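Peer 1: pasting the sequence and the predicted coordinates here, then a few questions.
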Amino acid sequence: MSRVHSATAIAVLLASFAAPASAQDYYRGGQRVELAVIDREAGDELPQYPFRGQAWVPGTPGHRYAVRLTNRSPERVLVVLSVDGVNAVSGLTADASQAGYVLEPWQSTDVAGWRKSMRDIAQFYFADFGDSYAARTGRPRNVGVIGIAVFDEARWIAVPRPRVYDRVGPESAESAASDAAGAPPMASARAQELGTGHGYREFAPVARTGFRRASHTPVQVTEVRYDDGAALAARGIIPHQGYGYEAPEPRAFPGGFVADPPRRW
């Protein structure tokens with residue numbers, strides 16, 4: 001118990017744990033939080049395409065985007081947001097135990113960038129893989145995935161209400177260098193064309209709030225993969241129409257003569 005009490009003092013930075021009075025206290029209405037990706041240049045929600053058990057969205061290089069989080073439950077929830085394997089609030093290599101955003105019942109909010117302070121963010125945008133924030137800080141392995149870990153609130157703990165905003169985040173932690181120690185080199189990363197860049201600063205104020213988790217493990221984990229639309233079309237993940245890629249039709253008699261094989265070196 002002493003560890004739980006000590007964690008309470010920094011609940012605004014790293015929401016602490018508390019065992020619920022009963023498992024019956026949990027909301028049982030399916031997924032608590034809906035995740036969507038919004039193209040801010042076009043103002044549209046990007047479609048999600050299922051492929052081999054994963055959801056994929058097509059990004060457009062250079063376009064700014066936001067992650068829309070919608071609480072579908074009647075209770076407050078904590079949402080830990082990971083972009084390319086990096087916590088969008090702290091900049092640390094993402095883990096479900098870290099800081100996140102608190103959503104009120106039925107609330108929807110757009111997270112449009114990396115949290116730099118309580119007042120501003122660095123905009124998310126679809127960047128070349130090598131220009132992504134994760135790759136530039138030595139953590140390329142998880143570029144191309146957006147994920148959330150959702151926690152219920154321990155109801156029997158009295159929690160102060162937020163003053164103006166109901167999202168929570170610490171001051172920006174420039175700790176990427178220490179986090180990247182021992183990270184694999186970029187050449188070992190999988191084939192991926194797009195990542196998320198660290199864009200221009202944007203005014204996006206938040207306020208701290210208390211939140212005590214009802215469990216050590218999240219009640220929901222959701223992931224969405226993304227890449228360049230043309231690349232996804234070329235891989236057969238999404239329809240090729242409108243993405244600048246025409247799938248070649250195989251032909252039995254393509255013409256020509258037998259060419260020499262490549263040389264052996």
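Peer 2: Thanks, I have it.

Peer 1: which residues of this protein score low on pLDDT?
Peer 2: Applying pLDDT under 70 to the chain flags the ranges 1-30, 156-190, 241-251, 253-257, 264-265.

Peer 1: at 50 instead, please
Peer 2: 1-29, 157, 159-190 (pLDDT under 50).

Peer 1: could you pull out the helices in it for me?
Peer 2: Shown for the chain, the helices assigned by DSSP state H span residues 2-8, 133-136, 176-179, 229-234.

Peer 1: next, the buried residues of the second one.
Peer 2: Within helix 133-136, the residues that qualify as buried are 133-136, counting by 16 or more other CB atoms under 10 Å. Where C-beta positions appear, they are placed from N, C-alpha and C, glycine not excepted.

Peer 1: mind putting those residues in CSV, distance to Glu104 included?
Peer 2: Below are these laid out as CSV (distance: CB to CB, whole Å):
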residue, distance to Glu104
Tyr133, 29
Ala134, 30
Ala135, 35
Arg136, 35
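
Peer 1: contact partners for Val77?
Peer 2: Val77 makes contacts with 32-33, 71, 102-103, 150-153, as judged by CB atoms under 8 Å, 6 or more residues apart in numbering.

Peer 1: check Glu223 too.
Peer 2: For Glu223, the contact set (CB under 8 Å, 6+ apart) comprises 54-55, 145-147.

Peer 1: sort out for me which of the residues you listed are in strands.
Peer 2: Counting by DSSP state E, the contacts of Glu223 place 54-55, 145-147 in strands.

Peer 1: name the member of these with the most neighbours.
Peer 2: Ile146 (24 neighbours; other CB atoms under 10 Å).

Peer 1: any idea how far that residue is from Asp39?
Peer 2: To Asp39, Ile146 is 13 Å away according to CB to CB, to the nearest Å.

Peer 1: what of Arg32?
Peer 2: The spacing between Arg32 and Asp39, counted by CB to CB, is 25 Å.

Peer 1: of these two, who's got more company?
Peer 2: Set side by side, Arg32 and Asp39 show more neighbours around Arg32, with 25 against 18, by other CB under 10 Å.

Peer 1: test my guess that that one contacts Gln220.
Peer 2: Yes - at 5.4 Å, Arg32 counts as touching Gln220 under the criterion of CB atoms under 8 Å.

Peer 1: shared neighbours of these two, anything?
Peer 2: Both Arg32 and Gln220 are contacted by Val150, under the criterion CB under 8 Å, 6+ apart.

Peer 1: from the opening residue of stretch 115-129 to its closing one, how far?
Peer 2: End-to-end distance of stretch 115-129 (CA to CA, to the nearest Å): 21 Å.

Peer 1: how about that stretch: buried residues?
Peer 2: For stretch 115-129, burial by neighbour count (16+ other CB under 10 Å) applies to 115-116, 118, 120-127, 129.

Peer 1: the stretch 151-265 of the chain: strands as residue ranges?
Peer 2: Listed in chain order, the strands of the stretch 151-265 of the chain (DSSP state E, counting those that start in this stretch) span 194-203, 212-213, 220-228.

Peer 1: okay if I get these as JSON lines plus distance to Val80?
Peer 2: Output for the strands of the stretch 151-265 of the chain, formatted as JSON lines (distance: least, CB to CB, whole Å):
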{"stretch": "strand 194-203", "distance to Val80": "16"}
{"stretch": "strand 212-213", "distance to Val80": "10"}
{"stretch": "strand 220-228", "distance to Val80": "10"}
